[in-house]
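**Q** The sequence and its predicted three-dimensional model are supplied below.
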Amino acid sequence: MEIRIPEKEALDILSTYSGANNYVLELKEKTKSKYYKLSRTQVDYVLSHKNIVPKVARKFVEIDPYLSEQLQENRLLPTPPKKIWVEKILVESEKAYHIWGKVIDADNLHAFWVPKSQIVPKQKQKDLKIDYSPFSHRPPMEHQIPAIESLLKNDMYILADDMGLGKTTSAVIASIIENNKRTLVVCPASLKINWKREIENYTDEEVVIIEGKKWKEGRFIIINYDILKNFHSFKDGSIRTLLDSGIERIIIDEAHYISNPKAQRTKIINQISNKLGKVWLLTGTPMTSRPINYYNLLKLVNSRVASNWITYVSRYCEGRQFRAPNGMKIWNVNGASNLEELRDRTQDKIIRRLKEDVLDLPDKIITPVYLELISSEYEKEMGEYLSWSDENQNESITIHLAKLTKVRQIIASDKIVHTRQLINDILEQDKKVIVFTNFTAPLMELHSHYPKNSVILNGQMSKEDRQKSVDEFQNNPKVKIFISNLKAGGVGITLTSAEAVIMNDLSFVPSDHSQAEDRAFRIGQKKNVSCFYPTFDNTIERVIYNILQKKKNVIDTVMGDISIEPELDIMQELFNELHNI
């Protein structure tokens with residue numbers, strides 16, 4: 001049997017080569033000398049690429065700052081080159097181009113490799129002529145226009161504006177303008193109703209929420225992360241329902257939920273997004289605390305920075321490989337490095353503005369977060385109250401209020417899991433938050449969940465202890481959460497370290513909420529304050545919230561502020577609403 005000798009095969013090919021690959025032609029010329037020996041890499045190159053016809057380019061190609069700085073350093077250039085001249089593309093591999101070109105004008109043409117991730121592609125800008133008149137009843141704010149248009153210009157993109165800037169509204173308007181057959185919204189379960197309401201603000205087309213294992217069809221389909229697995233199969237690589245339904249666009253809300261590539265939800269999102277090629281990611285915390293958590297989001301939107309995992313972690317995560325005691329090689333990627341460069345290299349795939357960068361925002365941003373309560377205890381207590389109320393309509397307001405206390409306590413307790421989610425999202429953005437509640441049990445439960453980074457204030461505390469809590473929150477960077485009774489902590493203190501306020505449950509008095517919001521929004525506050533009202537949409541709480549907002553608006557208009565407590569009026573209106581329902 002004849003023994004194959006790669007070096008001899010390569011030399012035989014070179015001896016008769018008449019193609020257009022300049023690098024192979026150079027090797028052919030060099031091997032005419034009996035003293036020149038091909039390296040193994042050169043041999044492999046000749047054997048692998050002998051039949052590939054180079055592509056003529058003859059143009060300048062923009063390179064990213066990382067490669068630019070490398071070339072400057074390696075070649076001792078006075079300035080970093082912004083572009084390279086590409087005469088030909090000799091060979092294209094999965095991750096790089098072998099180029100016949102030059103870096104500066106003084107060079108002779110020569111062959112060199114350039115990673116694809118370090119060539120800046122020319123952006124194919126879509127010609128946008130947007131008619132915003134269909135949204136005149138709820139027009140986008142000035143700062144939302146660039147977000148809407150950035151989404152529409154890019155099939156794959158990250159909208160990473162700060163909390164309170166209206167990412168949901170921007171994505172909804174963009175998706176309606178895009179006019180796809182079907183749009184899939186993936187979000188945490190607690191935000192599904194919010195998305196449905198926001199979409200219905202702008203269109204009459206059918207919006208459906210997916211629950212459990214039952215699939216529904218609609219123009220907009222909303223599903224939460226936890227049940228994606230019910231409609232997707234990995235076994236044979238097929239996608240049963242998600243893409244069989246004619247979905248053309250996916251919107252991923254709170255996209256930092258899919259930063260872990262090993263999580264099932266991430267694998268599902270990655271697979272369906274890659275298959276569709278049209279995905280918008282929404283998150284106020286694109287990087288969370290470490291650049292490694294940014295990697296999967298960048299990969300999902302085809303950022304050139306995420307084309308190679310090892311390069312990414314080495315450059316931006318202080319990635320280091322070490323050998324574990326069992327002999328396995330393990331990467332430590334928990335660090336952070338070259339963050340300004342990472343920001344610069346990802347600007348083509350992301351838009352991010354902070355509240356302090358935006359001029360058209362109110363100083364205080366009120367955001368309701370609509371939720372759904374599933375509670376047999378609530379149904380029982382509410383049913384008993386309504387039965388009693390029908391027979392005792394002439395009882396005093398005070399007695400009616402007392403009868404509703406148990407119902408409100410159930411709501412406040414069941415709200416905690418959603419409030420914690422809001423808190424966690426705010427902490428991920430390294431912001432401080434105030435949480436108000438009317439009841440002691442939720443206050444203590446929240447404090448027990450965050451024992452190391454929260455302080456409390458309630459009516460039983462001494463004046464000294466109250467001030468200690470305020471000082472700790474204001475001055476200690478490790479104390480991120482201030483949890484307070486609404487009455488005790490809603491007046492008379494300053495908490496300007498906070499950028500967010502959460503009302504875990506509602507008072508019957510509009511002034512309680514406004515005064516509590518203003519613990520953060522006071523003289524000395526240099527940032528906008530976001531106030532969140534998580535509200536159970538299918539309970540008495542929604543009725544209370546609507547009445548409170550209406551009363552607050554009337555009082556604000558007439559008085560300029562809230563200086564009265566119309567509790568009796570609210571209770572009477574509440575009774576009327578309940579009986580009408």
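**A** Now that the structure is in, tell me what you want to look at.
**Q** Doesn't L242 lie inside a helix?
**A** No: applying DSSP: H, G, I helix; E, B strand; the rest coil, one finds L242 to be coil, outside a helix.
**Q** Next up, the contacts around it.
**A** Shown in contact with L242 (C-beta atoms under 8 Å, 6 or more residues apart in numbering): 184, 228, 231-232, 272. Where you see a C-beta, it was placed from the backbone N, CA and C, and this is true even at glycine.
**Q** could you redo the last one with a cut-off of 7 Å?
**A** Applying C-beta atoms under 7 Å, 6 or more residues apart in numbering to L242 gives the contacts 184, 231-232, 272.
**Q** what is the mean pLDDT for the top strand by length along the chain?
**A** Secondary structure of the chain per DSSP state E: the longest strand is strand 83-92. Averaging pLDDT along strand 83-92 gives 94.
**Q** Name the member of the contacts of L242 with the most neighbours.
**A** Counting neighbours by other C-beta atoms under 10 Å, the top entry in those is L184, with 23 neighbours.
**Q** Could you look up the SS state of it?
**A** strand.
**Q** Identify the bridge partners of it.
**A** L184 has these beta-bridge partners by DSSP bridges: I221, I250.
**Q** Where does S413 sit, in terms of helix or strand?
**A** S413 belongs to helix 405-414 when assigned by DSSP states H and E.
**Q** Now tell me what touches that helix from outside.
**A** For helix 405-414, contacts defined as C-beta under 7 Å, 6+ apart pick out 373, 375, 377-378, 381-382, 385, 437-439, 441-442, 504-505, 536, 539-541.
**Q** can you check stretch 532-549 too?
**A** With C-beta under 7 Å, 6+ apart, stretch 532-549 has contacts from 193, 367-373, 378, 382, 407, 411, 415, 418-419, 422, 500, 502-503, 506, 508, 510, 570, 573-574, 577-578.
**Q** Buried members of the residues you listed into ChimeraX, please.
**A** In ChimeraX, a selection of the buried entries from those looks like this (16 or more other C-beta atoms under 10 Å):
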select :193,367,368,369,370,371,373,378,382,407,411,415,418,419,422,500,502,503,506,508,510,570,573,574,578
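**Q** quick one: which of the contacts of stretch 532-549 sit in strands?
**A** Those of the contacts of stretch 532-549 mapping onto strands are 367-371, 500, 502-503, per DSSP E.
**Q** which residues touch F322?
**A** Contacts of F322 by C-beta under 7 Å, 6+ apart are 330, 332.
**Q** give me phi/psi at it?
**A** phi -140, psi 160 (degrees, to the nearest 10).
**Q** and the gap between the residue nearest the centre of the chain and D244?
**A** Closest to where the C-alpha atoms of the chain average out (C-alpha atoms, centre = their mean) is T283, at 1.5 Å. Distance of T283 to D244, computed by C-beta to C-beta, to the nearest Å: 28 Å.
**Q** next one: phi and psi at the closest residue to A147 other than its chain neighbours?
**A** Residue nearest to A147 in three dimensions, not counting chain neighbours: S170, with 4.0 Å by C-beta to C-beta, 6 or more residues apart in numbering. Phi and psi for S170, reported as degrees, to the nearest 10, are phi -60, psi -40.
**Q** Which residues are in contact with S170?
**A** By C-beta under 7 Å, 6+ apart, the contact set of S170 is 140, 144, 147-148, 151, 159.
**Q** Give me the subset of those that lies in helices.
**A** Cross-referencing these against helices under DSSP state H gives 144, 147-148, 151.
**Q** Now rank those by neighbours and give me the top one.
**A** In terms of neighbour count, A147 stands highest of the ones in helices among the contacts of S170 at 27 neighbours, by other C-beta under 10 Å.
**Q** Report the separation between it and K153.
**A** From A147 over to K153 the distance is 11 Å, taken as C-beta to C-beta.
**Q** what does L298 give?
**A** 18 Å.
**Q** Repeat that for K478.
**A** Separation of K478 from K153 (C-beta to C-beta): 42 Å.
**Q** same thing with S389?
**A** With C-beta to C-beta as the criterion, S389 and K153 are 56 Å apart.
**Q** sorry, back to before: looking at L298 and K153, which has the bigger crowd around it?
**A** Applying other C-beta under 10 Å to L298 and K153 shows that L298 carries more neighbours, namely 24 against 15.
**Q** what helix or strand is the more buried one on?
**A** Here L298 sits within helix 292-300, counting by DSSP H and E.
**Q** Check which element follows that helix along the chain.
**A** Per DSSP H and E, the first helix or strand lying C-terminal to helix 292-300 is helix 309-316.
**Q** Need the residues that contact that following helix.
**A** Defining contact as C-beta under 7 Å, 6+ apart, one finds that helix 309-316 is touched by 291-292, 295, 305-306, 319, 331, 333, 337-338, 342.
**Q** With only the CA atoms kept, save that helix in PDB.
**A** Written as PDB, here are the backbone C-alpha positions of helix 309-316 (Å, rounded to 0.1, in the frame of the first residue of the first chain):
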ATOM      1  CA  TRP A 309     -16.600  32.400  23.500                       C
ATOM      2  CA  ILE A 310     -12.900  32.000  24.400                       C
ATOM      3  CA  THR A 311     -12.000  35.400  22.900                       C
ATOM      4  CA  TYR A 312     -14.900  37.100  24.600                       C
ATOM      5  CA  VAL A 313     -14.200  35.700  28.100                       C
ATOM      6  CA  SER A 314     -10.400  36.300  27.800                       C
ATOM      7  CA  ARG A 315     -10.900  39.900  26.700                       C
ATOM      8  CA  TYR A 316     -13.900  41.000  28.800                       C
END
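**Q** in the chain, which helix or strand is least confident?
**A** helix 567-580 (a mean of 65; mean pLDDT, DSSP states H and E).
**Q** for K213, what are its contacts?
**A** Contact analysis of K213 by C-beta under 7 Å, 6+ apart lists N230.
**Q** Can you give me the distance of T398 to T405?
**A** Plainly put, T398 is 11 Å away from T405 if you go by C-beta to C-beta.
**Q** okay, and for this structure, where does confidence drop off?
**A** Along the chain, the model assigns pLDDT under 70 to residues 1-3, 123-127, 234-241, 288-289, 522-526, 551-571, 575, 578-581.
**Q** Figure out the helix or strand that the residue nearest to K50 when sequence neighbours are not counted lives in.
**A** Nearest non-adjacent residue to K50, counting by C-beta to C-beta, 6+ apart: I13, 5.2 Å away. Assigned by DSSP H and E, I13 belongs to helix 6-16.
**Q** That helix packs against which elements?
**A** helix 40-49 (3 or more C-beta pairs under 7 Å, 6 or more residues apart in numbering; DSSP states H and E).
**Q** got a list of contacts for the helix it packs on?
**A** 6-7, 9-10, 13-14, 21, 24, 27, 91.
**Q** try stretch 152-159
**A** If you take C-beta under 7 Å, 6+ apart as the criterion, stretch 152-159 is touched by 125-126, 128, 147, 150-151, 167, 170-171, 174, 177-178, 277-282, 286, 297, 301-302, 349-351.
**Q** mind listing which of those residues are in helices?
**A** Applying DSSP H to those, the entries found in helices are 147, 150-151, 167, 170-171, 174, 177-178, 297.
**Q** can you name the two of the residues you listed that are farthest apart?
**A** I177 and L297 (23.6 Å; C-beta to C-beta).
**Q** neighbour-wise, which of the two wins?
**A** L297 (24 against 18).
**Q** just the angle between the helix holding I13 and helix 40-49, please?
**A** Here helix 6-16 points in a direction 60 degrees away from that of helix 40-49 (axes from the mean of the first three to the mean of the last three C-alpha atoms, to 10 degrees).
**Q** This completes my enquiry, with thanks.
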